[in-house]
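Chemist: 3D model of this:
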Amino acid sequence: MVLLDNFLFTKLLDFWHFTGFYNFDYTNLIMILVGLFFIYLAIKHDFEPMLLVPIGFGILIGNIPFQPGNEIGIYEEGSVLNILYQGVRNGWYPPLIFLGIGAMTDFGALIANPKLMLVGAAAQFGIFGAYMIALALGFMPDQAGAIAIIGGADGPTAIFLSSKLAPNLMGAIAVSAYSYMALVPVIQPPIMRLLTTDKERKMRMKPARKVSQNEKILFPIFGLILTCFVVPSAIPLLGMLFFGNLLRESGVTKRLANTASNAMTDIVTILLGMTVGASTQASQFLTKETIFIFFLGFCAFVIATCSGVLFVKIFNLILPKSKKLNPLIGNAGVSAVPMAARISNDQGLKADPSNYLLMHAMGPNVAGVIGSAVAAGVLLGFLG
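Modeler: Numbering: from 1, shown residues only. Next comes the predicted model:
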């Protein structure tokens with residue numbers, strides 16, 4: 001009887017050591033609260049719920065305390081979470097996301113007004129501005145490049161580049177990128193109003209010309225050749241982006257385009273968001289570098305928004321009156337599609353309820369997707 005009691009006591013003690021209550025640390029609570037905050041923003045305020053719900057719940061999963069060595073955690077080789085995380089760590093998921101983006105994106109606004117590509121390019125100054133700040137703060141060049149890409153407001157690109165240049169910082173970079181993407185409606189409008197006058201916000205733009213189907217078919221083909229011959233290191237992202245767009249525009253691969261833009265993209269988004277969230281284990285995430293990364297991400301985002309808006313204002317000085325651009329579309333040069341374009345439209349409607357800017361803003365917005373991928377390719381080419 002005594003032996004049985006000792007056996008039961010030992011097993012109960014072992015079970016207690018296995019529980020999350022025994023392994024709990026206050027840092028786990030901090031990250032769990034962060035995860036709950038992300039879920040709250042997604043559900044209550046509709047801030048990018050397709051991203052923040054998987055990431056927020058992934059943070060909860062990743063911060064349930066456990067006893068190491070049982071193949072449970074995302075960083076334990078052989079665990080289910082670790083296997084799913086390979087898609088993030090090895091950069092498999094971002095190109096698949098770009099395939100879906102290409103399949104659901106209409107590049108007509110950009111084709112109709114090619115000069116909007118310059119607005120998308122101008123917004124990429126946020127990336128290179130943040131790169132210089134990161135170097136000044138003491139980050140190594142490859143780490144600075146991975147952090148700076150947050151300024152493109154493109155989560156898949158940030159994951160892809162950080163997986164190549166700074167895998168140890170990837171969790172913080174990914175969460176920072178997606179956080180600021182979700183906060184576009186909060187961060188950008190005050191900057192846009194500060195940098196524009198009431199007269200500029202009411203500026204009307206000439207309706208875009210109608211784009212032919214042949215132009216839409218040729219665009220992904222020539223877009224791939226022109227961009228990837230210059231920056232071959234961007235092929236995984238741009239190749240899939242333009243391929244997805246050709247599936248959409250060719251007219252003969254509707255089933256493939258629908259699959260890429262719906263079911264496949266949804267599956268990859270779930271896996272990517274959940275595993276990125278789970279990678280934020282408190283022991284790995286709560287560091288001084290993480291604070292700097294969020295600070296640099298914010299700086300990059302602000303610089304990108306300012307660069308886009310100010311570029312349009314300067315560009316208007318040389319444009320004829322009939323072709324001037326509303327500076328409010330400058331914010332859409334970041335890659336947060338279509339959220340940034342909707343913000344341009346919302347701010348335009350607040351200034352003039354009959355002035356719709358959405359289609360005009362989609363030009364620099366889709367240009368920003370291309371621009372951020374090109375910028376990532378440049379950084380990878382120089383630093384990889």
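Chemist: Do a quick rundown of the helices in the stretch 101-250 of the chain.
Modeler: Taking DSSP state H, counting those that start in this stretch as the test, the helices found in the stretch 101-250 of the chain are 108-112, 116-122, 125-136, 141-148, 155-165, 170-182, 184-195, 198-201, 213-230, 240-249.
Chemist: how big is the angle separating the fifth one from helix 125-136?
Modeler: On the basis of axes from the mean of the first three to the mean of the last three C-alpha atoms, to 10 degrees, helix 155-165 is oriented at 30 degrees to helix 125-136.
Chemist: Let me know which of the helices of the stretch 101-250 of the chain is tucked in deepest.
Modeler: helix 155-165 (a mean of 28; mean count of other C-beta atoms under 10 Å). Just so you know, the C-beta spots here come from the backbone N, C-alpha and C atoms, and that holds for glycine as well.
Chemist: contacts for that one?
Modeler: Applying C-beta atoms under 8 Å, 6 or more residues apart in numbering, the external contacts of helix 155-165 come out as 51, 88-91, 93-95, 97-98, 142-143, 145-147, 149-150, 152, 169-170, 173-174, 176-178, 181, 236-237, 272, 276, 335, 372-373, 376, 379-380, 383-384.
Chemist: one more time with 7 Å, if that's ok
Modeler: For helix 155-165, the surrounding residues in contact (C-beta atoms under 7 Å, 6 or more residues apart in numbering) are 88-91, 93-94, 97-98, 142, 145-146, 149-150, 169-170, 173-174, 177-178, 181, 236-237, 372-373, 376, 379-380, 383-384.
Chemist: Mind checking the helices of the stretch 101-250 of the chain for the one nearest to F57?
Modeler: F57 sits nearest to helix 170-182 of all these, at 13.2 Å, using C-beta to C-beta.
Chemist: Dump that closest one to CSV, restricted to CA.
Modeler: What follows is helix 170-182, C-alpha atoms only, in CSV (Å, rounded to 0.1, in the frame of the first residue of the first chain):
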residue,chain,number,x,y,z
MET,A,170,11.9,36.7,-38.2
GLY,A,171,9.1,36.4,-35.6
ALA,A,172,9.4,39.9,-34.4
ILE,A,173,9.7,41.3,-38.0
ALA,A,174,6.7,39.3,-39.2
VAL,A,175,4.5,40.4,-36.2
SER,A,176,5.6,44.0,-36.6
ALA,A,177,4.9,44.0,-40.3
TYR,A,178,1.4,42.5,-39.9
SER,A,179,0.6,44.8,-37.0
TYR,A,180,1.4,47.9,-38.9
MET,A,181,-0.5,46.6,-41.9
ALA,A,182,-3.6,46.2,-39.7
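Chemist: How far does that helix sit from its chain's centre?
Modeler: How far helix 170-182 lies from its chain's middle: 7 Å, per C-alpha atoms, centre = their mean, to the nearest Å.
Chemist: Also stretch 263-279?
Modeler: Here stretch 263-279 is found 13 Å from its chain centre; the criterion is C-alpha atoms, centre = their mean.
Chemist: Convert that stretch to CSV, retaining C-alpha atoms only.
Modeler: This file holds the C-alpha atoms of stretch 263-279, laid out as CSV (Å, rounded to 0.1, in the frame of the first residue of the first chain):
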residue,chain,number,x,y,z
ALA,A,263,-9.0,28.3,-51.4
MET,A,264,-5.2,28.2,-51.7
THR,A,265,-4.7,31.7,-50.4
ASP,A,266,-7.0,31.1,-47.5
ILE,A,267,-5.2,27.9,-46.5
VAL,A,268,-1.7,29.5,-46.7
THR,A,269,-2.9,32.6,-44.8
ILE,A,270,-4.2,30.4,-42.0
LEU,A,271,-0.9,28.4,-41.8
LEU,A,272,1.3,31.5,-42.1
GLY,A,273,-0.6,33.6,-39.6
MET,A,274,-0.9,30.8,-37.0
THR,A,275,2.7,29.7,-37.2
VAL,A,276,4.0,33.3,-37.2
GLY,A,277,2.0,33.9,-34.1
ALA,A,278,3.2,30.7,-32.4
SER,A,279,6.8,31.7,-33.1
